[in-house]
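J.: Sequence first, predicted model second:
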Amino acid sequence: MAAMNTSATRPLDVCIRGGGPVGASLALALSRLGWQVGLVTPPAPTRSGPDVRTYALNAGSAQLLRELRVWDALPADAITAVDEMQIDGDAGGHLEFSAWQQTVDALAWIVDAAALDAALAEALRYAPHVQRLEQNAPAALLAVCEGRDSATREALGAVFERWPYGHHAVAARLVADAPHHGIARQWFRSPDILALLPFDRPQIGHSYGLVWSLPEARAAELMACTPADFEAALDEASGGAAGTLRLSGERAGWPLMLARAQRWIGPGWALLGDAAHAVHPLSGQGLNLGLADVRCLVRVLHDARRTSPWRSAGDERTLRRYARERLAPTRMMGTLTDGLLQLFAAPPGPLKDLRNHGLTLVDRLSPVKRWLAARALDT
Ligand SMILES: Cc1cc2nc3c(=O)[nH]c(=O)nc-3n(C[C@H](O)[C@H](O)[C@H](O)COP(=O)(O)OP(=O)(O)OC[C@H]3O[C@@H](n4cnc5c(N)ncnc54)[C@H](O)[C@@H]3O)c2cc1C
């Protein structure tokens, strides 16, 4: 099969800007339906080393990646099923979910971000209708998937409202001396939120993806300190619940914010993924929301082509359906994660007891738990 083209040779239906996980998935999904796609990626990589993050992906994202033949191409140790999730507050509050209770195969899958990038890139090489471009080519629709700092979004005049948290996420890979048993652990405290995501790289059954959200100054200290000091801070923060944790590679940091575009679409253009919305990673939902955008836009475009073939892919009436469908779930996820964060960011006081009781109460209320789990399982 032919490798992906590097120049525009056929008229395009859709020109996609940004080859991150959202842009790459959109290109593959449209190509499968026979759409001619151009994918504009920066000439030089924007990241210096491999992505150390692990993504918690939900059932909807896994299904999309399966259909794109990306999921099954991932190495076995790059995907780990989460069987149980344990969430602790800062004064005895506790909430836990299990796949068994929710009658699902897994609560989520922890996926190696670098392996996902590589599998998407490999699938794109063989995608029949995708042309790699260095700049925009004429197309009925411009799909902007450039992430939260998108320059094209700015050029289109779509205002991106940002509410920085003053926190950074520190991500790293860890190895534990005790098995993870498929349990994801999260601690909600003031001022940090710590997540340990069970993983199988580098050591099967004994590794974790770390996402630690901390005030900027503390995050900077933890990024700069020696591995031994970092591990000591981590042991103290996790209280040894996951065994003794050791760093197994580089640390990386990201500034965190809640953000959303005021407009998602316009004549001939649409925003997807982090270019349209950014949420705090405490919910592990940013990419899940972006892949749900992809599923929605592809379905809306495909339906419109079947029912109104005379309409262009950039027709605003069609794109409005996409924006309408995606706005509510995205806002809800942003509000939910932001609310949780604000609740636990409050200094110790009456709220401390309330939030911990709240966690434990949710744990005892099966319908609320089911509702929360369903929201997280499919965005
Ligand atoms: C620490 C951390 C942990 C996270 N954990 C999770 C998780 O567990 N689960 C989850 O669902 N989400 C998670 N997320 C969120 C997730 O990383 C993002 O939602 C996701 O990467 C968004 O994908 P994207 O393709 O929209 O944007 P990006 O990943 O930002 O990709 C954008 C792409 O566009 C390119 N680009 C930028 N400008 C241009 C331009 N002008 N022209 C062409 N190309 C351009 C960039 O080079 C990049 O390749 C996490 C985020 C962080 C920071």
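T.: Right, received. Where do you want to start? Numbering: from 1, shown residues only.
J.: So the residue in the stretch 51-200 of the chain positioned nearest to the ligand: helix, strand or coil?
T.: Residue of the stretch 51-200 of the chain nearest the ligand, by C-beta to the nearest ligand atom: G147 (2.5 Å). For every residue, glycine as well, the C-beta is placed using N, CA and C. Following DSSP: H, G, I helix; E, B strand; the rest coil, we place G147 in the coil state.
J.: tell me the contacts of the nearest residue to it once chain neighbours are set aside?
T.: Nearest residue to G147 in three dimensions, chain neighbours excluded: D274, at 4.6 Å (C-beta to C-beta, 6 or more residues apart in numbering). D274 makes contact with G20, V22, G147, R148, G286, G290 under the criterion C-beta atoms under 8 Å, 6 or more residues apart in numbering.
J.: I'd like to know which of those is nearest to H181.
T.: Using C-beta to C-beta, G286 is the member of the contacts of D274 that sits closest to H181, with 26.3 Å.
J.: burial of the residue nearest to that closest one when sequence neighbours are not counted, as a residue count?
T.: Using C-beta to C-beta, 6+ apart and skipping the chain neighbours, the partner closest in space to G286 is V279 (5.5 Å). Look at V279: counted by other C-beta atoms under 10 Å, it has 25 neighbours.
J.: Run through the residues that contact V279.
T.: L258, Q285, G286, L289, M333, G334, T337, D338.
J.: so what does the biggest strand by length in the chain touch, helix or strand wise?
T.: Using DSSP state E, we find that the single longest strand of the chain is strand 160-176. Where contact means 3 or more C-beta pairs under 8 Å, 6 or more residues apart in numbering; DSSP states H and E, strand 160-176 is packed against strand 207-215, helix 216-224, strand 245-247, strand 252-261.
J.: Of these, which stretch is the most buried?
T.: Among these, strand 207-215 has the highest mean neighbour count (mean count of other C-beta atoms under 10 Å), at a mean of 23.
J.: tell me which parts of the chain are close to the ligand?
T.: Within the chain, the positions lying close to the ligand (C-beta under 6 Å from any ligand atom) are 17-23, 40-42, 46, 53, 55-56, 145-147, 150-152, 169, 171, 211, 254, 273-275, 281, 284-288, 290.
J.: low-scoring pLDDT stretches of this protein, where are they?
T.: 1-9, 44-48, 344-359, 361-379 (pLDDT under 70).
J.: The spatially most central residue of it sits in which helix or strand?
T.: Among the residues of the chain, the one closest to the centroid is L287, at 2.3 Å (C-alpha atoms, centre = their mean). In the assignment (DSSP states H and E), L287 maps to helix 286-307.
J.: buried set for whatever helix or strand comes next after that helix?
T.: Downstream of helix 286-307, the next assigned helix or strand under DSSP H and E is helix 316-345. Buried positions in helix 316-345, judged by neighbour count with 16 or more other C-beta atoms under 10 Å: 318-319, 321-323, 325-326, 329-330, 333-334, 336-338, 340-341, 343-345.
J.: how far does helix 316-345 sit from the chain's center?
T.: Relative to the chain's own centre, helix 316-345 is displaced by 14 Å; criterion: C-alpha atoms, centre = their mean, to the nearest Å.
J.: now stretch 217-229
T.: The answer for stretch 217-229 is 25 Å, by C-alpha atoms, centre = their mean.
J.: again, but for stretch 128-143
T.: Taking C-alpha atoms, centre = their mean, one finds stretch 128-143 lying 24 Å from the centre of the chain it belongs to.
J.: picking that back up, export the helix holding L287 to PDB, keeping only CA atoms.
T.: Extracted C-alpha coordinates of helix 286-307, given in PDB (Å, rounded to 0.1, in the frame of the first residue of the first chain):
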ATOM      1  CA  GLY A 286      -9.200  15.900  27.900                       C
ATOM      2  CA  LEU A 287      -8.400  13.500  25.200                       C
ATOM      3  CA  ASN A 288     -11.600  11.500  25.700                       C
ATOM      4  CA  LEU A 289     -13.500  14.700  25.000                       C
ATOM      5  CA  GLY A 290     -11.400  15.400  21.900                       C
ATOM      6  CA  LEU A 291     -12.000  11.900  20.500                       C
ATOM      7  CA  ALA A 292     -15.700  12.300  21.200                       C
ATOM      8  CA  ASP A 293     -15.500  15.500  19.100                       C
ATOM      9  CA  VAL A 294     -14.000  13.400  16.300                       C
ATOM     10  CA  ARG A 295     -16.700  10.800  16.500                       C
ATOM     11  CA  CYS A 296     -19.400  13.400  16.500                       C
ATOM     12  CA  LEU A 297     -18.000  15.500  13.600                       C
ATOM     13  CA  VAL A 298     -17.400  12.500  11.400                       C
ATOM     14  CA  ARG A 299     -21.000  11.200  12.000                       C
ATOM     15  CA  VAL A 300     -22.500  14.600  11.400                       C
ATOM     16  CA  LEU A 301     -20.500  15.200   8.200                       C
ATOM     17  CA  HIS A 302     -21.200  11.700   6.900                       C
ATOM     18  CA  ASP A 303     -25.000  12.000   7.600                       C
ATOM     19  CA  ALA A 304     -25.100  15.400   5.900                       C
ATOM     20  CA  ARG A 305     -23.300  13.900   2.800                       C
ATOM     21  CA  ARG A 306     -25.900  11.100   2.600                       C
ATOM     22  CA  THR A 307     -29.000  13.300   3.200                       C
END
